[in-house]
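# pasting the structure only:
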C-alpha cells in the first residue's frame, strides 16, 4: 500500500488525518493519491476519484466518481 500526498502544506493536517482514517477503514491495503482540491481534498484510487468535503473541520460529504 502506498499513500502519495501532493502539496501537503496546502491542506489542513487534521483534515488529512480524517481522510487517511476513512481510507484505512474502508479501503484497507489499497494505494491512493491525495492532493488539495477546490475547498476539498481529492483522493484518486485507481479509476475512482473521491472528493472529501469539510465543514467546521469535519467531513460532511464524500463524493465519488
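Looks like it arrived, so ask away. Please read these numbers as outputs of a predicted model, since none were measured by experiment.

# Other residues contacting the helix or strand hosting residue 63?
Assessed by DSSP states H and E, residue 63 sits inside strand 58-64. Residues from elsewhere that reach strand 58-64, judged by CB atoms under 8 Å, 6 or more residues apart in numbering: 15, 18-19, 22, 48-54. The way it works is simple: take the backbone N, C-alpha and C, and place the C-beta from them, glycine included.

# Please repeat the previous calculation with a cut-off of 6 Å.
18, 50-53 (CB atoms under 6 Å, 6 or more residues apart in numbering).

# pLDDT averaged over that strand, what's the number?
The pLDDT scores in strand 58-64 average 97.

# List the pairing partners of it within its sheet, with orientation.
strand 48-55 (antiparallel) (DSSP bridges).

# What lies in contact with the partner strand?
With CB under 6 Å, 6+ apart, strand 48-55 has contacts from 15, 19, 40-41, 43, 59-65.

# Separate out the buried members of these.
Buried by 16 or more other CB atoms under 10 Å: 15, 19, 40-41, 43, 59, out of the contacts of strand 48-55.

# Closest one to residue 30 out of these, please.
residue 43 (10.4 Å; CB to CB).

# so what's that closest one bridging to?
Beta-bridge partners of residue 43, as defined by DSSP bridges: residue 34, residue 50.

# how about it, what does it touch?
32, 34, 50.
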